[in-house]
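Novice: mind looking at a prediction? Sequence and model below.
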Amino acid sequence: MENFADVKYILDGFLFVFAGILVMWMAAGFAMLEAGLTRTKNNATVLTKNIALFAISCIMFYFVGYNFMYGEGSSFIGSGAMLSGKTNEAMGYPVMADFFFQVVFVATAASVISGTIAERMKLWPFLIFVVILSGVIYPIQGHWTWGGSELGGVLSGFSDFAGSTIVHSVGGWAALAGVLILGARKGKYDKNGNVRPIPGSNLTLATLGTFILWMGWFGFNGGSQLALGSKADIDGIALVIADTNMAACAGAIAAALLTQFIYKKVDLTMVLNGALAGLVSVTAGPDLGMVVSFIEGIVGGALVVIAVPLWDKLKIDDPVGALSVHLVAGIWGTLAVGIFNPDVSFIAQVKGVVVIGIFVFVTSFIVWKILDLVIGLRVDEETEVNGLDIHETGLEAYPEFKRA
């Protein structure tokens, strides 16, 4: 250890690696949550999607996305330092540590889509879309924001600490575009437009998935401090993690109280999504203090309870509530920074939400539509009724439990 710069380099690199590992663990959370909130006949396909999307996102972001997002915006291949795995001391941290921390965010955006289109989309069109999302769509909007280009000044002043919009709403907009083309699950709405509930298979798994995501979020937001080499940095990380936890707690309780008031019973699925909505809500500004995080979490949890039935009224079928959690709460969390942070313009936040939202929705809609025309997005009716597992994977998640 020659000097303080060496210590800072090591600590900053360690933060990226450790926080990245926590965020990678969120992939397990998404898999368990989605499996628990969908039917057993589709669980093997759900799990296949979740592990495959993570692998595809990492590969595409390495060879295409990372340098496109953080380089000059014109290169579709990783930089020399990336491909060789060398460190770059001029950056102040190992470049591969930064890559690893950034790539798990890309996989998170893709995971949001997986739950929304569950139980009726073919496996391969989804995975092809993940290739395009992680290699092109996500890095382009990321280049405008975290990449520093500000879209020629259009997004000047936009603030998103850890990605309420840049990660979560991006996944939400892409999912919305896909589900509008895909349509609802068979039997979800009757001929009169009434909603027919389709219960998930395992609320124990869904709850486990929520807790895994909650834990992983400490790396998601805490690691976005991007430095660990000073007292101010560790103070900042501690505040971010405490704020993150507070928002999740507030979101869960807000959803519990509101469902008790509206339905006279506490809805566990809403409580789980309320906690996640609190986490998404605080992600854009987890450094604004406990009181602000508490407010963001309460509003996020309430928005989920309101948004889930609203999507159903619009006949937009979202099996896991991802649109309500990641898109709606992501928009709220981003706008909240403009409300509670005096150094950030509310107009800049609105502009960021709108510009990124339009870009991701339109490009995603075009890609989904092309995939639908070329290979088709949706399985046939017989496959959907019998379950996607045998048709798409040749396996059943629970082969010993035969359906009547």
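Specialist: Cool, the structure landed. Predicted model, so just to flag it, every value in this text is computed and none were measured.
Novice: go ahead and confirm Tyr398 touches Thr40.
Specialist: Yes - if you go by C-beta atoms under 8 Å, Tyr398 and Thr40 touch, sitting 5.2 Å apart. For the C-beta atoms, the positions are set from N, CA and C on the backbone; glycine is no exception.
Novice: give me the mean pLDDT for stretch 3-10.
Specialist: Mean per-residue pLDDT for stretch 3-10: 84.
Novice: same deal with stretch 61-74?
Specialist: The pLDDT scores in stretch 61-74 average 82.
Novice: gap between it and the chain center?
Specialist: 20 Å (C-alpha atoms, centre = their mean, to the nearest Å).
Novice: how about that stretch as CSV, C-alpha atoms only?
Specialist: Written as CSV, here are the backbone C-alpha positions of stretch 61-74 (Å, rounded to 0.1, in the frame of the first residue of the first chain):
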residue,chain,number,x,y,z
PHE,A,61,-23.6,-5.6,-22.6
TYR,A,62,-19.9,-6.8,-22.7
PHE,A,63,-19.6,-7.0,-26.5
VAL,A,64,-21.8,-4.1,-27.4
GLY,A,65,-23.7,-2.2,-24.7
TYR,A,66,-21.1,-1.1,-22.2
ASN,A,67,-18.8,0.9,-24.5
PHE,A,68,-21.8,2.2,-26.5
MET,A,69,-23.3,3.5,-23.2
TYR,A,70,-20.1,4.9,-21.7
GLY,A,71,-17.9,5.6,-24.7
GLU,A,72,-18.5,8.1,-27.5
GLY,A,73,-21.8,6.5,-28.3
SER,A,74,-20.7,5.3,-31.8
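Novice: contacts only, for Gly36.
Specialist: If you count contacts by C-beta atoms under 8 Å, 6 or more residues apart in numbering, Gly36 has them with 200-209.
Novice: one more time with 7 Å, if that's ok
Specialist: 200-206, 209 (C-beta atoms under 7 Å, 6 or more residues apart in numbering).
Novice: now swap in Ser156 and tell me
Specialist: Listed by C-beta under 7 Å, 6+ apart, the contact partners of Ser156 are Glu150.
Novice: show me what counts as buried in the strand or helix carrying Ala238.
Specialist: Following DSSP states H and E, one finds Ala238 within helix 231-263. Neighbour counts using 16 or more other C-beta atoms under 10 Å place 233, 236-237, 239-259 of helix 231-263 among the buried residues.
Novice: circling back: comparing Tyr398 and Thr40, which shows the higher neighbour count?
Specialist: Between Tyr398 and Thr40, counting by other C-beta atoms under 10 Å, Thr40 is the more crowded of the two (18 against 14).
Novice: in PyMOL, select just the buried ones from the contacts of Gly36.
Specialist: Buried subset of the contacts of Gly36, written as a PyMOL selection, criterion 16+ other C-beta under 10 Å:
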select buried, resi 200+201+202+205+206+209
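Novice: helix or strand, whichever it is, which one in this protein has the lowest mean pLDDT?
Specialist: None of the helices or strands of the chain scores lower by mean pLDDT, DSSP states H and E than helix 80-84, at a mean of 45.
Novice: can I get the helix or strand just after that helix in CSV, CA atoms only?
Specialist: On the C-terminal side of helix 80-84, the nearest following helix or strand under DSSP H and E is helix 95-116. C-alpha atoms of helix 95-116 as CSV (Å, rounded to 0.1, in the frame of the first residue of the first chain):
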residue,chain,number,x,y,z
VAL,A,95,-12.8,-1.1,-15.3
MET,A,96,-14.0,-4.7,-15.0
ALA,A,97,-15.5,-3.9,-11.6
ASP,A,98,-17.4,-1.0,-13.1
PHE,A,99,-18.6,-3.3,-16.0
PHE,A,100,-19.8,-6.0,-13.6
PHE,A,101,-21.7,-3.4,-11.5
GLN,A,102,-23.3,-1.9,-14.6
VAL,A,103,-24.2,-5.1,-16.3
VAL,A,104,-26.4,-6.4,-13.5
PHE,A,105,-28.5,-3.3,-13.9
VAL,A,106,-29.2,-4.2,-17.5
ALA,A,107,-30.4,-7.7,-16.4
THR,A,108,-32.7,-6.0,-13.9
ALA,A,109,-34.4,-4.0,-16.7
ALA,A,110,-34.9,-7.2,-18.7
SER,A,111,-36.3,-9.1,-15.7
VAL,A,112,-39.1,-6.5,-15.3
ILE,A,113,-40.4,-7.5,-18.8
SER,A,114,-40.3,-11.2,-18.0
GLY,A,115,-43.1,-11.1,-15.4
THR,A,116,-45.4,-8.8,-17.5
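Novice: list the buried residues in the helix or strand just after helix 95-116.
Specialist: Per DSSP H and E, the first helix or strand lying C-terminal to helix 95-116 is helix 123-132. Buried positions in helix 123-132, judged by neighbour count with 16+ other C-beta under 10 Å: 123, 125-132.
Novice: so which of these is the closest to Glu150?
Specialist: If you rank the buried residues of helix 123-132 by distance to Glu150 using C-beta to C-beta, Ile132 comes first, at 24.0 Å.
Novice: for Leu371, see how far away that closest one is.
Specialist: The gap separating Ile132 from Leu371 is 9 Å, by C-beta to C-beta, to the nearest Å.
Novice: got it, and Phe100?
Specialist: Distance of Phe100 to Leu371, computed by C-beta to C-beta: 29 Å.
Novice: equivalent analysis for Ile198, please.
Specialist: The gap separating Ile198 from Leu371 is 25 Å, by C-beta to C-beta.
Novice: who's more crowded, these two?
Specialist: Legend: neighbour count by other C-beta under 10 Å for Ile198 and Leu371, higher for Leu371 (21 against 15).
Novice: surely that one and Val130 touch.
Specialist: No - the criterion here is C-beta atoms under 7 Å, and Leu371 misses it with Val130 at 11.4 Å.
Novice: in stretch 380-397, what's buried?
Specialist: 383-384, 387-389, 391-393, 396-397.
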